[in-house]
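Could you work out the structure for the sequence below:
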Amino acid sequence: MVLVEYPDRHFVQAAAGWLELGNPTEAAVELNQVSQKHARHPDVLEIRWRLCAAKLDWKEALEVAQAVTQVAPERPSGWIHKSYSLHELKRTNEARDVLSPLAKKFPKEFIIPYNLACYACATGDLQDAQTWLLRALKIKGKEGKEEFRRMALEDPDLHPLRDYIRTL
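Here you go, the predicted structure:
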């Protein structure tokens with residue numbers, strides 16, 4: 001994939017920095033300076049998705065994620081963002097349907113089974129949620145176990161499994 005050239009790369013990096021600082025307004029200013037030549041580059045779209053997510057604009061986030069899946073289908077992030085956007089739009093069954101087949105395609109991405117656990121919880125399938133959580137934990141490995149447990153315990157989507165998560 002061709003890199004985003006300067007000065008557009010600078011605008012993308014600045015937007016990412018503003019997002020990390022919690023300032024989506026300034027991030028938008030930077031992103032809006034990206035030329036049309038690079039507007040559909042996956043790196044630009046990734047930051048645009050993060051901006052939409054920061055603004056909780058899930059409808060636009062879904063459109064941006066869809067664009068990422070079209071221009072860079074080999075990137076798991078586009079599919080993950082698409083499913084997450086669907087979930088936030090209360091279209092959790094669709095989110096699960098998008099993400100489920102990708103667990104095999106991207107077996108090292110722990111966030112895929114983790115999000116599938118969240119979606120299973122949201123639809124009331126706690127047994128399936130536990131299975132997905134175990135898969136995610138296996139990918140994360142022993143080194144990441146405590147971080148994983150903390151993240152899962154703080155996740156409101158996984159609230160019904162808090163007692164189970166504590167035993168992991």
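
C-alpha only now, for contacts and for neighbours.
Fine.

Helices along this structure, start to end?
Remark: helices assigned in the chain by DSSP state H are 8-20, 24-31, 42-54, 58-71, 76-88, 92-99, 102-105, 111-122, 126-140, 145-154, 162-167.

For the second one, C-alpha coordinates in PDB please.
Think helix 24-31. This file holds the C-alpha atoms of helix 24-31, laid out as PDB (Å, rounded to 0.1, in the frame of the first residue of the first chain):
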ATOM      1  CA  PRO A  24     -12.100  15.700  18.200                       C
ATOM      2  CA  THR A  25     -12.700  19.300  17.100                       C
ATOM      3  CA  GLU A  26      -9.100  19.900  16.400                       C
ATOM      4  CA  ALA A  27      -8.700  16.400  14.900                       C
ATOM      5  CA  ALA A  28     -11.500  17.300  12.400                       C
ATOM      6  CA  VAL A  29      -9.800  20.500  11.500                       C
ATOM      7  CA  GLU A  30      -6.600  18.600  10.600                       C
ATOM      8  CA  LEU A  31      -8.400  15.800   8.700                       C
END
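
What residues sit buried inside it?
Using 16 or more other CA atoms under 10 Å as the test for burial, helix 24-31 gives 24, 26-28, 30-31.

Contacts for it next, please.
11-12, 14-19, 44, 48, 51, 54-55 (CA atoms under 8 Å, 6 or more residues apart in numbering).

Identify the farthest-apart pair in those.
Largest separation among those by CA to CA: 11 and 55, giving 18.8 Å.
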